[in-house]
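Q: starting from these lines, generate the structure:
(2 chains)
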2 protein chains.
Amino acid sequence: MSKLEKSTIEKALTALSGWALADDGLSIKRVYKFGDFNAAFGFMTRVALMADKMDHHPEWFNVYNKVEMTLTTHDAGGVTQKDIDLATFCQTASGQ
Amino acid sequence: MSKLEKSTIEKALTALSGWALADDGLSIKRVYKFGDFNAAFGFMTRVALMADKMDHHPEWFNVYNKVEMTLTTHDAGGVTQKDIDLATFCQTASGQ
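A: Presented below is the predicted three-dimensional model:
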């Protein structure tokens, strides 16, 4: 899986609500907010199941109703289609 | 629930493997490492269920097999018995 060009990432992000390329261009990021911890961790659980199936895992921080996510592909040294696919799943799973 | 004295926290920590008081004295912290993401998220799921039952939630960062945890009680402005109780559950759930 090879690293995507910046223009390709930016085009993909137009379809992904709230996701943005990090300043260093090496990852995509988004903060999700939910109604409470139950909703936030429910989202995380759905993403975890998909991530483990894809063998592609997020970096994420959670406190109460907030989930801060960073997606990158370490092996490729940047953003790949796997990150776009996982972010697309996050959008579906969060309904946001 | 009131904030515990530093000496009380330190005494409690002697029974909690790997947990330490943060430099600012306002939280307790530990990094857990597991065999893989499945094991790490399995641990997080057990802790999430208990945390929501206690209505006392961790701040945590996960990447692959690593879970960095911070426990504090915002309402009390420091570490309370709830944090010690949740850390004790983490020890049981992790087997570490």
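Q: the most centrally placed residue in chain A: which element?
A: With distances taken as Cα atoms, centre = their mean, A:A87 lies nearest the centre of chain A, 3.9 Å away. If you go by DSSP states H and E, A:A87 is part of helix A:81-94.
Q: who's in contact with that helix?
A: Outside of helix A:81-94, the residues within contact range by Cβ atoms under 8 Å, 6 or more residues apart in numbering or on different chains are A:1, A:4, A:9, A:12, A:15-17, A:19, A:27-28, A:30, A:32, A:34, A:43, A:46-47, A:50-51, A:54, A:56, A:58, A:69, A:71-73. C-beta here means a position set from N, CA and C on the backbone, and glycine is covered the same way.
Q: buried ones in it?
A: For helix A:81-94, the neighbour count (16 or more other Cβ atoms under 10 Å in any protein chain shown) marks A:81-84, A:86-87, A:89-91, A:93-94 as buried.
Q: tell me the one of the residues you listed nearest A:A39?
A: In terms of Cβ to Cβ, no member of the buried residues of helix A:81-94 lies closer to A:A39 than A:S94, at 9.2 Å.
Q: elements contacting the helix ranked longest in chain A?
A: Taking DSSP state H as the criterion, chain A has its longest helix at helix A:37-54. Applying 3 or more Cβ pairs under 8 Å, 6 or more residues apart in numbering or on different chains; DSSP states H and E, one finds that helix A:37-54 contacts strand A:59-63, strand A:66-71, helix A:81-94, helix B:37-54.
Q: many thanks, we can stop here.
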